[in-house]
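**Student:** Attaching a predicted model along with its sequence, questions to come.
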Amino acid sequence: MLKSSRFEHMNEDVTHAPTDPQDAAIQQVVARSSAARDSGKDDGQVQLRNFTLKFNGQTILDRINLSIPKGQTVVVIGESGCGKTMLLKSVVGLNRPTAGEVLYNGTNINALGDVDMTRLRRKFGFVFQNAALFDSMTIGQNVAFPLVQHNIATGRKLDRIVLDALGVVGLPENVAFKRPAELSGGMRKRVGLARALVLNPELLLYDEPTTGLDPIMSDVINQLMMRTRDNSDVTSLIITHDMRTTYKVADRVIMLYPFARLKRGEQQIIFDGTPDELKQTHDKRVSQFVNGEAGERLMELKRDAFDGFGDTPNLLEKYPGG
């Protein structure tokens with residue numbers, strides 16, 4: 001008889017999701033996906049069709065149309081507040097659209113009930129910006145969490161999966177018995193990636209995977225993302241401000257622009273192309289972001305800063321760059 005796993009003992013009040021990965025709902029999803037591909041209607045593994053998202057009357061994402069083929073690595077860039085993270089969450093059904101739809105393998109995920117959506121999310125891996133590890137658990141328990149939550153593995157099998165996942169991201173086995181507070185930021189990021197990989201996801205989503213890391217550790221994370229893509233044929237969607245990451249890992253780059261600053265009728269995706277095409281763009285908004293140049297944005301910030309304070313010519317003259 002197998003011994004109990006060293007990594008499966010966690011809080012007993014955690015609710016476990018339904019466990020059969022071959023349940024009828026998933027089989028229906030697969031069947032519909034195959035039918036869509038056979039009919040030529042499936043343009044991508046992930047699709048957003050006229051996707052619009054509003055909160056309290058404020059538009060965050062407006063009429064987004066996006067198709068991501070299986071196996072492609074897409075990097076989404078854009079300044080803070082343009083809706084990148086909301087887009088990422090919407091792809092896995094954490095945000096329901098105000099209008100439009102999100103499709104995964106041809107199926108509208110927002111039409112699924114909570115139970116079916118939970119089952120479908122087992123196909124997704126999410127790497128959070130700050131790793132989002134449970135401080136009260138060991139690293140091994142953190143990595144094992146999705147396996148235990150879904151009753152996928154126990155005992156020595158669970159231990160082996162956890163240790164193998166840590167090995168894939170370059171961490172030694174003894175790390176499994178440490179707590180998150182004992183690890184550096186780069187190591188915690190790698191643990192977050194290991195946890196995302198244990199369910200063998202079809203789709204990996206990364207939210208700012210290199211934020212807060214030094215250049216060397218950032219490149220380690222970049223290399224791990226590339227290795228993961230090459231070894232598992234996974235589709236990747238990456239949100240980042242790091243242009244080194246963008247140029248190194250992307251097959252395709254998309255740039256979002258804040259809705260509030262768009263001209264009437266203008267599309268929110270202002271760039272969609274390869275990294276080489278990104279370097280050659282003639283759109284000032286894109287090139288200024290890519291090159292880290294304030295340009296007209298500084299003047300916009302000045303106007304915003306003094307909006308509503310009346311005539312302030314002297315202040316504006318003293319403002320940096322005025």
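**Tutor:** That came through, no problem.
**Student:** so the nearest residue to residue 195 once chain neighbours are set aside is in which element?
**Tutor:** Of all residues not flanking residue 195 in the chain, residue 143 sits nearest, at 4.8 Å (Cβ to Cβ, 6 or more residues apart in numbering). (C-beta placed from N, C-alpha, C; glycine too.) Per DSSP states H and E, residue 143 falls inside helix 139-149.
**Student:** Measure how the helix or strand following that helix sits relative to helix 139-149, angle-wise.
**Tutor:** Where DSSP H and E defines the elements, the next helix or strand beyond helix 139-149 is helix 155-168. Orientation check (axes from the mean of the first three to the mean of the last three Cα atoms, to 10 degrees): helix 155-168 against helix 139-149 gives 120 degrees.
**Student:** Helix 155-168 packs against which elements?
**Tutor:** On a contact count with 3 or more Cβ pairs under 8 Å, 6 or more residues apart in numbering; DSSP states H and E, helix 155-168 meets helix 139-149, helix 185-197.
**Student:** which one of those helices lies closest to residue 91?
**Tutor:** Nearest to residue 91 among the helices and strands packed on helix 155-168 is helix 185-197 (14.3 Å), distances taken as Cβ to Cβ.
**Student:** follow-up on the earlier one: how about the helices and strands packed on helix 155-168 in CSV, adding mean pLDDT and mean neighbour count?
**Tutor:** As requested, the helices and strands packed on helix 155-168 are exported to CSV (pLDDT from 0 to 100; neighbours: other Cβ atoms under 10 Å):
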stretch, mean pLDDT, mean neighbour count
helix 139-149, 91, 24
helix 185-197, 91, 23
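**Student:** Kindly reformat these as JSON lines containing distance to residue 96.
**Tutor:** JSON lines is the format used below for the helices and strands packed on helix 155-168 (distance: least, Cβ to Cβ, whole Å):
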{"stretch": "helix 139-149", "distance to residue 96": "23"}
{"stretch": "helix 185-197", "distance to residue 96": "23"}
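**Student:** what's the helix or strand for the nearest residue to residue 294 once chain neighbours are set aside?
**Tutor:** Nearest residue to residue 294, sequence neighbours excluded (Cβ to Cβ, 6+ apart): residue 288, at 7.3 Å. Assessed by DSSP H and E, residue 288 sits inside helix 284-291.
**Student:** Look up which residues are beta-bridged to the closest residue to residue 286 other than its chain neighbours.
**Tutor:** Once flanking residues are discounted, residue 286 sits nearest to residue 271: 4.8 Å by Cβ to Cβ, 6+ apart. Residue 271 has the following beta-bridge partners by DSSP bridges: residue 255.
**Student:** tell me, how many neighbours does residue 271 end up with?
**Tutor:** The number of residues packed near residue 271 is 20, by other Cβ atoms under 10 Å.
**Student:** likewise residue 236?
**Tutor:** The burial count for residue 236: 25, using other Cβ under 10 Å.
**Student:** now swap in residue 235 and tell me
**Tutor:** 22.
**Student:** any idea how far residue 115 is from it?
**Tutor:** 24 Å (Cβ to Cβ, to the nearest Å).
**Student:** out of the helices and strands packed on helix 155-168, nearest to residue 48?
**Tutor:** Going by Cβ to Cβ, the one of the helices and strands packed on helix 155-168 nearest residue 48 is helix 185-197, 21.6 Å.
**Student:** Looking at the strand or helix carrying residue 222 now, give me its mean pLDDT.
**Tutor:** Using DSSP H and E, residue 222 sits in helix 215-232. Averaged across helix 215-232, the pLDDT comes to 90.
**Student:** Enumerate the positions of it that are buried.
**Tutor:** Using 16 or more other Cβ atoms under 10 Å as the test for burial, helix 215-232 gives 217, 218, 220, 221, 222, 224, 225, 228, 229, 232.
**Student:** residues in contact with the third one?
**Tutor:** It refers to residue 220. When contacts are counted by Cβ atoms under 8 Å, 6 or more residues apart in numbering, residue 220 is found next to 170, 186, 190.
**Student:** thinking again about what came up before, for the helices and strands packed on helix 155-168, which one sits closest to residue 99?
**Tutor:** helix 185-197 (30.1 Å).
**Student:** immediately after that closest one, which helix or strand?
**Tutor:** Using DSSP H and E, the first helix or strand after helix 185-197 is strand 203-207.
**Student:** Tell me the strands beside that next one, with direction?
**Tutor:** Going by DSSP bridges, the partners of strand 203-207 are strand 124-127 (parallel), strand 235-239 (parallel).
**Student:** Can you add distance to residue 96 and mean pLDDT and give those back as a markdown table?
**Tutor:** Below are those laid out as a markdown table (distance: least, Cβ to Cβ, whole Å; pLDDT from 0 to 100):
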| stretch | distance to residue 96 | mean pLDDT |
| --- | --- | --- |
| strand 124-127 | 16 | 90 |
| strand 235-239 | 18 | 95 |
